[in-house]
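Trainee: next come a sequence and a model predicted from it.
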Amino acid sequence: MAKESPAEAQERIETLKTLLNRYSYEYYVLDKPSISDKEYDQQYQELERLEKTHPELITTDSPTQRIGGTILPGFTKVQHDSPMLSLGNAFNQEELLQFHQRISKLTDQPLQYICELKIDGLAVSLKYENGLFIQGATRGDGNTGEDITQNLRTVKAIPLRLNEPLTFEVRGECYMPKASFVQLNTDRDEKGLEIFANPRNAAAGSLRQLDSSVAASRNLSIYLYSATNFEQLVVETQDALLNRLAQVGLRTNPERRLFDSIEEVWAFTEEIAAKRKELPYDIDGIVIKVNAFAAQEEIGYTVKAPRWAIAYKFKAEEAETIVRDIEWT
Ligand SMILES: NC(=O)c1c(N)nc(OC2CCCC2)nc1O[C@@H]1CCC[C@@H]1O
């Protein structure tokens, strides 16, 4: 017989869910945990016990519900409400300068740039309804993706409930941290399994799992970088949007910088290229965006990509190294 009455259990469960979701926000988004892992585990286990004796009180936003019970037969298709665009590329300083000159002609507004690290993972879309995570999908071909909600629910950096009851879609890059990648390949190698070539492939393979307990074991993470219907977010720039996303509970990359000249943008690409190896996740370049949404709208889009953004790509040194070795052997 349960110690507590259903009413007491209900109250305690609500308190624990709020506390545990807050701790996850502090840990994954603010990077400032307020309690130890041990304390988190104790409260998590208390919630599990209460939910076991009162299963009718289990809700989808409970941290105990991240791993789905069933193995899916396949993934259903998802039509994106608006296309998940790609990015034009620049491979050197000259092409970066040409990007700047090209868009300077398309607006009289002063051009402030925001530079974001280009996370080398998988682009995904997350839909929230009244603050609840209700659907996750891959980018697919930009218009149609696959519903991978069950797998994205296992990503602890994705909140199952936002700090505000917002209804909107956010997009970002789901990735596998370098340390998780090394550990995964070591484990697989020991079991005689094929290893992954890079963290991006490992993340993609993990999100393609039909059994979400496998995805849960892969320690994936995420950085969000865009959202629909800014109106309710009341933001005028990309930088303000990213701050607002963090405020409502979503994880954004802290290495972003604002610049008023393309020369400073170029210097930033060189600064990051030099410290890329120290980052705990793979990046394949820098995404440079016009910061003000009003200027973005004026500059506009091509069919596939925004004119107001470009990806400056680092040279893929690993690939070159491998090719060079083969030439010599
Ligand atoms: N990989 C990234 O870190 C990244 C980013 N920081 N910001 C954007 O902005 C989008 C929004 C408008 C068009 C591109 N896209 C990114 O990655 C995209 C996913 C699909 C193509 C690019 O790689």
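Mentor: Looks like it arrived, so ask away. These figures come from a predicted structure and were not determined experimentally.

Trainee: let me know how buried residue 187 is, in neighbour terms.
Mentor: Using other Cβ atoms under 10 Å, residue 187 is surrounded by 12 other residues. Heads up, the C-betas are built off the backbone N, CA and C, glycines and all.

Trainee: which element, helix or strand, includes it?
Mentor: Taking DSSP states H and E as the criterion, residue 187 maps to helix 178-190.

Trainee: for that helix, name the packing helices and strands.
Mentor: The helices and strands touching helix 178-190, judged by 3 or more Cβ pairs under 8 Å, 6 or more residues apart in numbering; DSSP states H and E, are helix 199-207.

Trainee: need the next SSE after the helix it packs on, C-terminal direction.
Mentor: Scanning forward in sequence from helix 199-207 by DSSP H and E, the next helix or strand is helix 212-216.

Trainee: show residues contacting that following helix.
Mentor: Counting contacts by Cβ atoms under 8 Å, 6 or more residues apart in numbering, the residues outside helix 212-216 that touch it are 66, 67, 68, 72, 150, 151, 153, 154, 155, 206, 207, 209.

Trainee: quick one: residue 114 and residue 248, what's the gap?
Mentor: Relative to residue 248, residue 114 is positioned 19 Å away (Cβ to Cβ, to the nearest Å).

Trainee: relative to residue 25, how far out is residue 33?
Mentor: 10 Å.

Trainee: with neighbour numbers in mind, choose between these two.
Mentor: Neighbour count, other Cβ under 10 Å: between residue 33 and residue 25, residue 25 has more, with 22 against 15.

Trainee: so the more buried one sits right up against residue 159, yeah?
Mentor: Yes - counting by Cβ atoms under 8 Å, residue 159 is a contact partner of residue 25 at 6.5 Å.

Trainee: intersection of neighbour lists for these two?
Mentor: Contact criterion Cβ under 8 Å, 6+ apart; residues shared by residue 25 and residue 159: residue 249.

Trainee: the strands in the stretch 201-329 of the chain, which residues?
Mentor: Under the criterion DSSP state E, counting those that start in this stretch, strands of the stretch 201-329 of the chain are mapped to 221-227, 257-259, 283-290, 309-313.

Trainee: so which of the ones you listed is nearest residue 120?
Mentor: Residue 120 lies closest to strand 283-290 among the strands of the stretch 201-329 of the chain, at 4.4 Å (Cβ to Cβ).

Trainee: what's the spacing between the closest one and its chain's center?
Mentor: Its chain's C-alpha centre and that of strand 283-290 lie 15 Å apart, by Cα atoms, centre = their mean, to the nearest Å.

Trainee: can you tell me the strand partners of it and which way each runs?
Mentor: Using DSSP bridges, strand 283-290 pairs in its sheet with strand 113-119 (antiparallel), strand 309-313 (antiparallel).

Trainee: for those strands, give me a markdown table that also has mean neighbour count, mean pLDDT and distance to residue 62.
Mentor: Below are the strands paired with strand 283-290 laid out as a markdown table (neighbours: other Cβ atoms under 10 Å; pLDDT from 0 to 100; distance: least, Cβ to Cβ, whole Å):
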| stretch | mean neighbour count | mean pLDDT | distance to residue 62 |
| --- | --- | --- | --- |
| strand 113-119 | 23 | 98 | 29 |
| strand 309-313 | 22 | 98 | 38 |
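
Trainee: can you list those strands in TSV and add distance to the ligand?
Mentor: Formatted as TSV, the strands paired with strand 283-290 follow (distance: least, Cβ to the nearest ligand atom, whole Å):
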stretch	distance to the ligand
strand 113-119	4
strand 309-313	5
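
Trainee: I'd like the strands of the stretch 201-329 of the chain laid out as a markdown table, including distance to residue 123.
Mentor: What follows is the strands of the stretch 201-329 of the chain, written out as a markdown table (distance: least, Cβ to Cβ, whole Å):
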| stretch | distance to residue 123 |
| --- | --- |
| strand 221-227 | 9 |
| strand 257-259 | 22 |
| strand 283-290 | 12 |
| strand 309-313 | 12 |
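
Trainee: which residues of the stretch 101-250 of the chain lie near the ligand?
Mentor: Neighbours of the ligand within the stretch 101-250 of the chain, by Cβ under 6 Å from any ligand atom: 116, 118, 119, 123, 139, 173, 225, 226.

Trainee: out of the residues you listed, what pair is the most spread apart?
Mentor: Longest span within these, Cβ to Cβ: 116 and 139, 16.9 Å.

Trainee: residues touching the longest helix along the chain, excluding its own?
Mentor: Under DSSP state H, the helix in the chain containing the largest number of residues is helix 6-24. With Cβ under 8 Å, 6+ apart as the test, helix 6-24 has contacts from 2, 4, 33-35, 40, 43-44, 46-47, 50-51, 53-54, 57, 59, 61-63, 156, 159-161.

Trainee: go with 10 Å
Mentor: Contact with helix 6-24 is made by 2-5, 33-35, 37, 39-40, 43-44, 46-51, 53-54, 56-59, 61-65, 156-163, 249, as judged by Cβ atoms under 10 Å, 6 or more residues apart in numbering.

Trainee: tell me the angle whichever helix or strand comes after that helix makes with helix 6-24.
Mentor: Per DSSP H and E, the first helix or strand lying C-terminal to helix 6-24 is helix 37-53. For helix 37-53 against helix 6-24, the angle by axes from the mean of the first three to the mean of the last three Cα atoms, to 10 degrees is 150 degrees.
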